[in-house]
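J.: compute the structure for the input listed below.
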Amino acid sequence: MDLLLTHGYFLEEDRKERAIMKPYPPLGILYLSSHLRRRGFDVELYDSTFGSRHELLEILEKGPPSVLGIAANLMTRAAALELTAAASASGWTVVVGGPEPANYPGEYLDAGARVVVEGEAEVTLEELLPALASADSALERVPGIIFRRDGGAIVRTAGRVLLPDLDAQPWPDRERIRVDRYLDVWRRHHGQGSVSVITARGCPYHCRWCSHSTFGKTHRRRSVASVVAEVEWIADRYHPEMLWIADDVFTIQHAWIFEYAAEMKRRGIAIPFECITRADRLNARIAGALAELGCFRVWLGSESGSQRILDAMQRGVRVEQVREAVGLCRAHGIQVGMFLMWGYEGEEMADIEATVRHVRECLPDVFLTTVSYPIKGTPYYEQVRPKLVSLGPWAASTDRDFRIAGRHSRRYYSFADRLLQSEVALARSGEPRWHAEIEAARRGLEESSSEVEA
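T.: Residues are numbered from 1 along each chain as shown. As a prediction, the model looks like this:
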């Protein structure tokens, strides 16, 4: 074995996800596996989603050791660090990649990683695996990595050029894992199975809180022929009831969407799906094409109903565009999901009220809220860095766990959530009982308005 790939996410340890039960396979490492195996490397996979930390640690301890590749993000930090330390102690050469490690290379190297991969990893790993058996000078010739010389100095090599042709890449190695387990969970909890697919990599927009650490501010799209072929294969192989198109912005290229819809129709392929897009990348023709394709839900990053806050985020979208997009989806029978964010720098009570009015007028089918958190490497992180307060040891926390000194308390935002949910419930049902909930939420907001994070 040249490489063992894993991702350190354990469903059994995630209380929130166990309540939702909508897991998807780790496409990132599945793409790495298919690329490297095509190049002749012997690659094994440990899909930790349905595995266990104990089992994986036993595998690492028993060996025989080789190279371990761990894909990590801010939510799997603690597991990735534990796996790194355990593998290193058992003689494995550990390589870490994914969205987070390049933002904290020193910490991951200190935990036992030999190399941190920065950005897109397929070609980097292809060049890195043979170089790992050589001296530091060989590593220095591999673009896109960070490592520590024997003397202790951290070296960051030249940046890696992104893959120019995604069609030249093999599809993700779904057959190397138990996709049926994902489908079974979906069907057992939701009555239908779902499979994820991506048609493009990257997002060219400039939202200040969003991380671009893997693909930069780029957008590269696969050909219609490649995507349709993969979707047809997924349908024939797994028979899912729906798809999740996991692009950052699915409708970014209108001509591509029209061509894709035409080819799917020509080949008689129809699978319901949901996707994410931006309000400024929807119009009547696109909404019609999505409906024809079988899109049953579009997720929009509304974030706020205050134009002042949207501008501070550099969202590049107007509140009116979001409302127009909701109306277009609804006119074509497409459900709307909405992402919302409280607590962005500079937000005031008037902005919260604007968001409540906005959602009440839009009445999306589902909406999700979060309190803004600064991801290292983003402009938002740099903006609030002087005010960041860690809630615990770095290795046991995530970037979600920062407090921003002077910002309203979490209790304050829980009342904002309660107000939003109550106002929407009243608008949907008209039931008088929601008036009391609204008043209670407003009192809570007022009473907690002086509470700030310290």
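J.: element containing residue 258, please.
T.: Residue 258 is part of helix 254-266 when elements are defined by DSSP states H and E.
J.: next, the buried residues of that helix.
T.: 256, 257, 258, 259, 260, 261, 263, 264 (16 or more other Cβ atoms under 10 Å). To be clear about C-beta, it is placed using only N, CA and C from the backbone, and glycine gets the same treatment.
J.: quick one: contacts for the first one?
T.: Residue 256 makes contact with 221, 224 under the criterion Cβ atoms under 8 Å, 6 or more residues apart in numbering.
J.: gap between it and residue 85?
T.: 44 Å (Cβ to Cβ, to the nearest Å).
J.: again with the fourth one
T.: Counting by Cβ to Cβ, the separation of residue 259 from residue 85 is 49 Å.
J.: can you give me the strands in the stretch 351-454 of the chain?
T.: Counting by DSSP state E, counting those that start in this stretch, the stretch 351-454 of the chain has these strands, from start to end: 366-371, 388-389, 403-404.
J.: most packed of the ones you listed?
T.: Mean neighbours per residue, mean count of other Cβ atoms under 10 Å, is largest over those for strand 403-404, with a mean of 19.
J.: can you list contacts of that one?
T.: 343, 345, 374, 384, 387, 388, 389, 390, 391, 453, 454.
J.: any chance of a PyMOL selection covering the buried ones in the residues you listed?
T.: Of the contacts of strand 403-404, the buried ones can be selected in PyMOL as follows, counting by 16+ other Cβ under 10 Å:
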select buried, resi 343+345+374+384+453
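J.: any chance of JSON lines for the contacts of strand 403-404, columns distance to residue 198?
T.: Shown next, in JSON lines, are the contacts of strand 403-404 (distance: Cβ to Cβ, whole Å):
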{"residue": "343", "distance to residue 198": "30"}
{"residue": "345", "distance to residue 198": "31"}
{"residue": "374", "distance to residue 198": "26"}
{"residue": "384", "distance to residue 198": "31"}
{"residue": "387", "distance to residue 198": "36"}
{"residue": "388", "distance to residue 198": "32"}
{"residue": "389", "distance to residue 198": "36"}
{"residue": "390", "distance to residue 198": "33"}
{"residue": "391", "distance to residue 198": "33"}
{"residue": "453", "distance to residue 198": "36"}
{"residue": "454", "distance to residue 198": "42"}
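J.: nearest to residue 223, of the contacts of strand 403-404?
T.: residue 374 (37.1 Å; Cβ to Cβ).
J.: next one: phi and psi at the closest one?
T.: phi -90, psi 120 (degrees, to the nearest 10).
J.: helix, strand or coil for residue 155?
T.: strand (DSSP: H, G, I helix; E, B strand; the rest coil).
J.: tell me the contacts of it?
T.: Neighbours of residue 155 in contact, by Cβ under 8 Å, 6+ apart: 136, 139, 140, 146, 147, 148, 149.
J.: most neighbours among the residues you listed, which one?
T.: When neighbours are counted by other Cβ atoms under 10 Å, residue 147 leads those with 23 neighbours.
J.: how about that residue, nearest residue that isn't a chain neighbour?
T.: residue 115 (4.7 Å; Cβ to Cβ, 6 or more residues apart in numbering).
J.: what residues are up against that neighbour?
T.: 94, 95, 96, 128, 132, 139, 145, 146, 147.
J.: just the ones of those in strands?
T.: Counting by DSSP state E, the contacts of residue 115 place 94, 95, 96, 145, 146, 147 in strands.
J.: just name the closest of these to residue 208, please.
T.: residue 146 (24.6 Å).
J.: OK, contacts around that closest one?
T.: Residue 146 touches 102, 105, 109, 115, 116, 118, 154, 155, 156, 157, counting by Cβ under 8 Å, 6+ apart.
J.: so what's it bridging to?
T.: residue 116, residue 156 (DSSP bridges).
J.: look up how far residue 302 lies from the spatially closest residue to residue 247 that is not a sequence neighbour.
T.: For residue 247, ignoring the flanking residues on the chain, the nearest one in space by Cβ to Cβ, 6+ apart is residue 200 at 5.0 Å. Noted for residue 200: a distance of 22 Å to residue 302, by Cβ to Cβ.
J.: surely residue 304 and residue 355 touch.
T.: Yes - taking contacts as Cβ atoms under 8 Å, residue 304 lies within contact range of residue 355: 5.3 Å.
J.: can you check which residues contact both of the two?
T.: By Cβ under 8 Å, 6+ apart, the residues touching both residue 304 and residue 355 are residue 340.
J.: just put the strands of the stretch 351-454 of the chain in CSV and tack on distance to residue 40 and mean pLDDT.
T.: Listed next are those as CSV, based on distance: least, Cβ to Cβ, whole Å; pLDDT from 0 to 100:
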stretch, distance to residue 40, mean pLDDT
strand 366-371, 43, 97
strand 388-389, 46, 93
strand 403-404, 49, 94
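J.: would you list those strands in a markdown table and tack on distance to residue 193?
T.: As requested, the strands of the stretch 351-454 of the chain are exported to a markdown table (distance: least, Cβ to Cβ, whole Å):
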| stretch | distance to residue 193 |
| --- | --- |
| strand 366-371 | 20 |
| strand 388-389 | 41 |
| strand 403-404 | 40 |
